[in-house]
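Colleague: Pasted the sequence and its predicted model underneath.
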Amino acid sequence: METSGFTLVAGATGGVGRRVVNNLRKKGLPVRALVRNEEKARRMLGPDIELIVGDITKESTLAPEYFKGVRKVINAASVIIGPKEGDTPDRAKYSQGIKFFEPEIKGASPEMVEYIGMRNLINAVRESVGLRSGKLIFGFEDQSAKELIWGALDDVVMGGVSESTFLIDRTGGESGKPTGTFKGTVSTANNGGFTSIRTKNFATPKDLSAYDGLELRLKGDGRRYKLIVRTSTDWDTVGYTASFDTIGGRWQSIRLPFSSLRPVFRARTVSDAPPFDPSNVLSLQLMFSKFEYDGKLNPTFVEGPFELPLSSVRAYLKDPITPRFVHVSSAGVTRPDRPGIDLSKQPPAVRLNKELGFVLTFKLKGEDLLRESGIPYTIVRPCALTEEPAGADLVFDQGDNLTGKISREEIALICIAALESPYACDKTFEVKSVVPFSEPFTVDPENPPPEKDYNIYFKTLKDGITGKESLEQSAIAV
């Protein structure tokens, strides 16, 4: 994956969002802030902050081209809730998070922010952050099919007599599914010795910069082939090339990292060629050749007929996959409809879910959109947010049963840590501090608490636990 990409922070002027921005910048990491009000953002975050001005509730303001270069997302955008009696300009009553004030929704509805806004944001960043399953460029997989126009490019251009073609076999793939087949006959007569097939230049360059390489699903024949990727519309130009060996008679997946591609022109390495640019892929070529690079020969080369079934080419994310989208939700999202729950012991948002425009219901719907998006994610569900400092001991849990409090600063640090942790990938969890509501938490600036290794907590998390299990079991019982 391109390491120079940005982390996008949505809701960047909110209590959690601005702390995320500040901590990312302290780490020297490139960040862009998605904000509605440019003047407010520059006043709050500094004049040099990179901004995308848009509103997640308005799809027209989130054109995907605005997000080019964004590789990771932390979404701290949230519906605005405030005291009915009013608040200070800096929302001091709301932000303190401990004393109760009768709440109401301010501004856009929970449905618009938490559900439609999440949908709009996912659609805007999907291409730039990448999908867990990768990006299909050619081939046939389940219900997906992407065909390309391939043409033969053999040694006849140099006077040779080899020949090849690329055919689609609708039943010749794995389990009788469709596959492409690169086949032909190679000969060294007339100083020849190679066959290849090459795609027509793509009408629009393929941006694969969210990914780490290309994966070929093929049925090997024990020979060594080459994949050539071009980033120029010129026909006779440098190709970024990797050789790969196959196993005879077996379907296999071949992964070729972008970092392994070498710039080659007519079987010679081009030492002064620019680095491979995965954001501008314009064509692909498969080759079977007597020649390797710089005078070396292919040790598996044999004259005569050959056949290489190729069912797919896709861009992939390397393992271990880390989250690309971290979302700040809320503890309690599954509780309003949970049977048998004692609402008197629940936080205000649970008790007042209906009165607050079904805020938790739409937060849960937004979570589900992210879980179903295919983007590697983490969903963080904080308990009541406070202005206290980070540093208290923490409780991580799953199943949506926690109540308590936690500082916004701590949540910001957890979100940033989750982006780098495979243990946090595709996990949903709640978090609170061990400090009870009745006790303020403070930090001695002369003796601050040590930095946490959040991986210790992430490693305890399990897949598939959201708290919705109790709702689904209740539905089955009925």
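Modeller: Perfect, I can see it now.

Colleague: secondary structure class for L167?
Modeller: L167 falls in the strand class when you classify it by DSSP: H, G, I helix; E, B strand; the rest coil.

Colleague: how many neighbours does it have?
Modeller: If you count neighbours by other CB atoms under 10 Å, L167 ends up with 13. To be clear about C-beta, it is placed using only N, CA and C from the backbone, and glycine gets the same treatment.

Colleague: partners of it in the sheet?
Modeller: Beta-bridge pairing for L167 (DSSP bridges): T181.

Colleague: Let me see the ranges of the strands in the stretch 301-450 of the chain.
Modeller: Assigned by DSSP state E, counting those that start in this stretch, the strands in the stretch 301-450 of the chain fall at 304-316, 325-328, 377-382, 384-386, 394-397, 405-407, 427-433.

Colleague: got it, and the stretch 101-250 of the chain?
Modeller: Residue ranges of the strands in the stretch 101-250 of the chain, as given by DSSP E, counting those that start in this stretch, are 103-106, 135-141, 144-146, 150-152, 163-169, 179-186, 194-199, 213-219, 224-230, 239-245.

Colleague: can you tell me which of those strands the model trusts least?
Modeller: Lowest mean pLDDT of those: strand 144-146, a mean of 81.

Colleague: Quick one, grab the pLDDT at R91.
Modeller: pLDDT for R91: 63.

Colleague: With the one 5 residues further on instead?
Modeller: The predicted local confidence for Q96 comes out at a pLDDT of 60.

Colleague: Mind putting the strands of the stretch 301-450 of the chain into CSV with mean neighbour count, distance to P450 and mean pLDDT?
Modeller: Shown next, in CSV, are these (neighbours: other CB atoms under 10 Å; distance: least, CB to CB, whole Å; pLDDT from 0 to 100):
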stretch, mean neighbour count, distance to P450, mean pLDDT
strand 304-316, 19, 37, 97
strand 325-328, 26, 23, 98
strand 377-382, 26, 21, 98
strand 384-386, 22, 21, 94
strand 394-397, 18, 13, 98
strand 405-407, 25, 16, 97
strand 427-433, 24, 15, 98
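
Colleague: Minimum distance to L136: which of those strands has it?
Modeller: Closest of those to L136 is strand 304-316, at 4.9 Å (criterion: CB to CB).

Colleague: now the angle between strand 135-141 and that closest one, please.
Modeller: For strand 304-316 and strand 135-141, the angle between their directions (axes from the mean of the first three to the mean of the last three CA atoms, to 10 degrees) works out to 130 degrees.

Colleague: and strand 304-316, what does it pack onto?
Modeller: Applying 3 or more CB pairs under 8 Å, 6 or more residues apart in numbering; DSSP states H and E, one finds that strand 304-316 contacts strand 135-141, strand 179-186, strand 213-219, strand 283-289.

Colleague: Return the list of strands paired to that strand, each annotated with direction.
Modeller: Here strand 304-316 has these sheet partners by DSSP bridges: strand 135-141 (antiparallel), strand 179-186 (antiparallel), strand 213-219 (antiparallel).

Colleague: For R32, find the nearest of the strands of the stretch 301-450 of the chain.
Modeller: Judged by CB to CB, the one of the strands of the stretch 301-450 of the chain that comes nearest to R32 is strand 325-328, at 14.4 Å.

Colleague: So for L51, which of the strands of the stretch 301-450 of the chain sits nearest?
Modeller: Between L51 and the strands of the stretch 301-450 of the chain, the shortest separation by CB to CB is 19.6 Å, and it involves strand 325-328.

Colleague: Kindly format the C-alpha coordinates of that closest one as CSV.
Modeller: Extracted C-alpha coordinates of strand 325-328, given in CSV (Å, rounded to 0.1, in the frame of the first residue of the first chain):
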residue,chain,number,x,y,z
PHE,A,325,-11.9,2.7,8.5
VAL,A,326,-12.2,3.3,12.3
HIS,A,327,-15.7,4.5,13.4
VAL,A,328,-16.6,6.1,16.7
